[in-house]
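**Student:** next comes the sequence, and after it the predicted model I'd like to discuss.
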Amino acid sequence: MGKACAEMVGLLVRRPQLPVVSSEAAGTDPTLFDQFNEGESMIEVLRKKPLTVETMLWDGTPECAAAIKAWVGNRTTADGKPVDECRFLLPEDITGTWHAAHLYVDHQLAWSPLPVGHRVAKEGDGRGFYPLSPEAVAATYEPVGVGTDAA
């Protein structure tokens with residue numbers, strides 16, 4: 001940590017005139033917040049909550065393409081306005097040089113390749129979709145069930 005950064009952290013932690021917010025108001029564990037106010041630690045260790053996501057496996061078939069298109073629907077602009085274009089496109093759906101299917105990733109405002117064997121996952125807020133590689137699925141997820149009621 002650079003000297004200027006260390007000095008700024010020191011000012012933020014130790015200055016008595018800074019308002020002290022209670023741990024109850026901050027919604028954190030009281031002992032962690034009290035340590036922060038005493039200047040002992042600003043680091044809070046967090047564990048990511050389990051998240052259940054709905055996914056569809058892209059197998060490269062026309063039937064699967066139709067099912068994914070129906071599931072993901074049309075994309076929207078950054079300000080939420082609908083666009084007359086599906087979030088899932090095959091190379092033959094466009095004029096260009098795509099060699100794989102592509103999925104529109106709303107939070108990135110960009111198209112992402114979706115090779116056969118990858119999954120389409122629904123965002124936690126249910127409004128967008130993103131690709132998942134088989135490696136990411138194996139390292140991060142475990143099966144819960146089939147269908148939207150499995151969660």
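**Tutor:** Yep, it's here. Residues are numbered from 1 along each chain as shown.

**Student:** quick check, pLDDT for Trp58.
**Tutor:** On the pLDDT scale, Trp58 is placed at 96.

**Student:** what do you get for Asp106?
**Tutor:** At Asp106, pLDDT is 87.

**Student:** roughly how far does Gly147 sit from Asp59?
**Tutor:** Distance check for Gly147 against Asp59: by Cβ to Cβ, to the nearest Å, it reads 18 Å. C-beta coordinates here come from the backbone N, C-alpha and C atoms, glycine included.

**Student:** between those two, who's got more neighbours?
**Tutor:** Asp59 (12 against 7; other Cβ atoms under 10 Å).

**Student:** only C-alpha atoms, please: export stretch 128-140 in PDB.
**Tutor:** Coordinates of the C-alpha atoms in stretch 128-140 are reproduced here as PDB (Å, rounded to 0.1, in the frame of the first residue of the first chain):
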ATOM      1  CA  GLY A 128     -31.100 -11.300 -18.500                       C
ATOM      2  CA  PHE A 129     -29.000 -14.300 -19.500                       C
ATOM      3  CA  TYR A 130     -25.300 -15.200 -19.700                       C
ATOM      4  CA  PRO A 131     -23.300 -18.100 -21.100                       C
ATOM      5  CA  LEU A 132     -21.700 -20.800 -18.800                       C
ATOM      6  CA  SER A 133     -18.900 -23.000 -20.000                       C
ATOM      7  CA  PRO A 134     -18.800 -26.700 -19.000                       C
ATOM      8  CA  GLU A 135     -15.700 -25.900 -16.900                       C
ATOM      9  CA  ALA A 136     -17.500 -23.200 -15.000                       C
ATOM     10  CA  VAL A 137     -20.500 -25.400 -14.400                       C
ATOM     11  CA  ALA A 138     -18.300 -28.300 -13.100                       C
ATOM     12  CA  ALA A 139     -16.300 -26.000 -10.800                       C
ATOM     13  CA  THR A 140     -19.100 -23.900  -9.400                       C
END
